[in-house]
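Enquirer: Need a 3D model of the following:
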Amino acid sequence: MKKLPSISFRVFIYFAVFSSVANSQWSEINGTDSLIFSNLTTKGQSLFASGFKGAYRSTDTGLSWHLINSGLARSDSANPNYPFIHCFGLKGDSLLAGTDNGIFVSTDNGDSWSPTHSTPNYALIQSILPCGSRLLVSGHASVYLDPGTNELDDLFISTDNGDTWSASSNGIPANQGVNVLTKFGASLFAGTNYGIYRSIDQGASWNMCLNVWGVLSFASNDTVLIANAESDRVLCLSSDTGRSWTSSKIDTSIYAINSINLTGSTLIAATEWTGIYVSTNWGKTWQPSNDGFGLFGPSSPWILSVGVSSGYAFAAGEFGIWRRPLSQVTSVTRVSSSRIPTEYSLEQNFPNPFNPTTEILFRIPSENYTTLEVFDLLGRRISILVSQVLKPGNYQATWNASSLPSGVFLYRLSSGLYTSTRKMIVIK
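Expert: Numbers count the residues shown, from 1 in each chain. Presented below is the predicted three-dimensional model:
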């Protein structure tokens, strides 16, 4: 009979984890001088953010930020302000910035910028989505005018890197307000004020796939797409590229979600007045992650954007940017111990069988990019619990199977040249 972990060992794990979490918090980055930050974006080892003073870049995992505004200027030279950046996009090696004065492109990692040759009717760009040889942009309905129909349009497409543009709202009624674009699998998705639209032909045509109001942001991993429908106060999840959706009400303790990020199976929400909230069961329940921010309420800063890079989570909003080790936010926690492991190991999950959550312990003797993934018996990946660089140490990950039926599942740890797989059982 397999021996279960001793009571004393489990008690040690509990207190070690509690101590680690209690002493962790968000740290504000010093030296940033803008009133507001948003649109956190990762490109290789560089981080980018936008502020009232222009574009910012960090090349040291977010410890310092520097303005990168060379060439970032308004078409109206009499206006001394920099264009306000509403979004970033990546197309090959190029970094794109969507502003209230058109689209700017950088081919040298932000050192210099140049405007695209044309802009859709002086568009205020809300979202940029590169898709193969095509480039799709969206903006607020009031800034677009399609000369062919004399109706307001929300979505434009370019097939020549922004030299020319044409309307691409075929299937999306005028004045829908396309807030955000994303790609999931082979399909494109547009989040609007009045629903989610899906395209299977690279944006040539669109069909509504979910009737919800006020879709402000998307987040996805390899298996699920999540939409934040703020006006309806629901999170919508699809695991079949938008053919069907499930919805869960947003917790009443969360004021308003500005953006979401999905890291593995951990959903992170940036909110107004209530800080950062974290869910490990697709938004059914939430926990605040606000140590270091200070008190929250009507006079507290809004968190506008959340991003993940190089083993850290970043929060951007009014008055600054904050950083925190990703392992303190996601479903994996480093267990405090004075002893560094000398070899890799992946322990049997506990409890097992379980319903609906279980804990997985593993050890990493050297710093490596590490993944911990869950598969069904057909080899299909169900969840990504860990996908980041981990330092040497003992770790505990939590898996929530509340959305899955009873069955046998496999979990696999990969770090450096080490790989190990074990079985676990869900019983409902």
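Enquirer: how about the strands in the stretch 101-250 of the chain?
Expert: 102-106, 114-115, 125-131, 134-139, 155-158, 166-167, 178-184, 187-192, 195-199, 207-210, 215-220, 225-229, 234-238, 246-249 (DSSP state E, counting those that start in this stretch).
Enquirer: taking the mean pLDDT, what do you get for the fifth one?
Expert: Okay, so that is strand 155-158. In this model, strand 155-158 has an average pLDDT of 86.
Enquirer: Ok, the second one next?
Expert: What strand 114-115 shows for mean pLDDT is 90.
Enquirer: mind listing what it pairs with, with the direction of each?
Expert: Each strand paired with strand 114-115, and its direction, by DSSP bridges: strand 102-106 (antiparallel).
Enquirer: Show me what the partner strand is in contact with.
Expert: 68, 71-72, 75, 83, 94-97, 112-116, 119, 122-123, 125, 128, 137, 162 (C-beta atoms under 8 Å, 6 or more residues apart in numbering). Where you see a C-beta, it was placed from the backbone N, CA and C, and this is true even at glycine.
Enquirer: hmm, back to that, so which of the strands of the stretch 101-250 of the chain is nearest Ile382?
Expert: Across those, Ile382 has its closest neighbour in strand 234-238 (13.7 Å, C-beta to C-beta).
Enquirer: From the contact counts, what lies against the closest one?
Expert: With contacts taken as 3 or more C-beta pairs under 8 Å, 6 or more residues apart in numbering; DSSP states H and E, strand 234-238 sits against strand 225-229, strand 246-249.
Enquirer: mind listing what Gly162 touches?
Expert: Contacts of Gly162 by C-beta under 8 Å, 6+ apart are Ile103, Val105, Thr116, His117, Ser118, Leu135.
Enquirer: What separation do you get for the spatially closest residue to the first one that is not a sequence neighbour and Asp163?
Expert: It stands for Ile103. Nearest residue to Ile103, sequence neighbours excluded (C-beta to C-beta, 6 or more residues apart in numbering): Thr116, at 4.6 Å. Thr116 is 7 Å from Asp163, where distance means C-beta to C-beta, to the nearest Å.
Enquirer: Residues in a beta bridge with the closest residue to Ser168 other than its chain neighbours, which ones?
Expert: Nearest-residue entry for Ser168: Ile157, 3.7 Å, with adjacent residues in sequence omitted and distances by C-beta to C-beta, 6+ apart. Going by DSSP bridges, Ile157 is paired in beta bridges with Leu136, Ser166.
Enquirer: Then Tyr56?
Expert: For Tyr56, the beta-bridge partners are Ala49, Leu67 (DSSP bridges).
Enquirer: And stretch 267-277, what's buried?
Expert: Buried residues in stretch 267-277, counted by 16 or more other C-beta atoms under 10 Å: Leu267, Ile268, Ala269, Ala270, Thr271, Glu272, Thr274, Gly275, Ile276, Tyr277.
Enquirer: Repeat that for stretch 189-207.
Expert: For stretch 189-207, by 16+ other C-beta under 10 Å, it's 189-199, 202-203, 206.
Enquirer: again with stretch 252-261
Expert: Judged by neighbour count using 16+ other C-beta under 10 Å, the buried positions of stretch 252-261 are Ile254, Tyr255, Ala256, Ile257, Asn258, Ser259, Ile260, Asn261.
Enquirer: In contact with the residue nearest the centre of the chain, which residues?
Expert: With distances taken as C-alpha atoms, centre = their mean, the residue of the chain nearest its centroid is Asn261 (2.4 Å). For Asn261, the contact set (C-beta under 8 Å, 6+ apart) comprises Ala219, Leu267, Ile268, Ala270, Val306, Gly307, Val308.
Enquirer: Quick check: the two most widely separated of those?
Expert: Checking the contacts of Asn261 with C-beta to C-beta, the most distant pair is Leu267 and Gly307, at 13.9 Å.
Enquirer: returning to that earlier point: which residue of Thr116 and Asp163 possesses the greater neighbour count?
Expert: More crowded of Thr116 and Asp163, by other C-beta atoms under 10 Å: Thr116, with 20 against 10.
Enquirer: wait, doesn't the more buried one sit right on Asn161?
Expert: Yes: with contacts counted by C-beta atoms under 8 Å, Thr116 reaches Asn161, the gap being 7.5 Å.
Enquirer: ok so, going back, whichever of the contacts of Gly162 end up buried, select them in PyMOL.
Expert: Selecting the buried subset of these in PyMOL, with 16+ other C-beta under 10 Å as the burial test, is done by:
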select buried, resi 103+105+116+135
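Enquirer: Below-threshold pLDDT in the stretch 301-428 of the chain: ranges please.
Expert: Low-confidence segments of the stretch 301-428 of the chain, defined by pLDDT under 70: 301, 331, 336-338.
Enquirer: sorry, back to before: got CSV for the helices and strands packed on strand 234-238, with distance to Phe375 and mean pLDDT too?
Expert: Shown next, in CSV, are the helices and strands packed on strand 234-238 (distance: least, C-beta to C-beta, whole Å; pLDDT from 0 to 100):
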stretch, distance to Phe375, mean pLDDT
strand 225-229, 20, 97
strand 246-249, 21, 92
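Enquirer: so which of these gets nearest Trp213?
Expert: When the helices and strands packed on strand 234-238 are compared by C-beta to C-beta, strand 225-229 sits nearest Trp213, at 6.2 Å.
Enquirer: I'd like the distance from the closest one to the chain centre, please.
Expert: Centroid separation for strand 225-229 versus its chain: 11 Å, with C-alpha atoms, centre = their mean, to the nearest Å.
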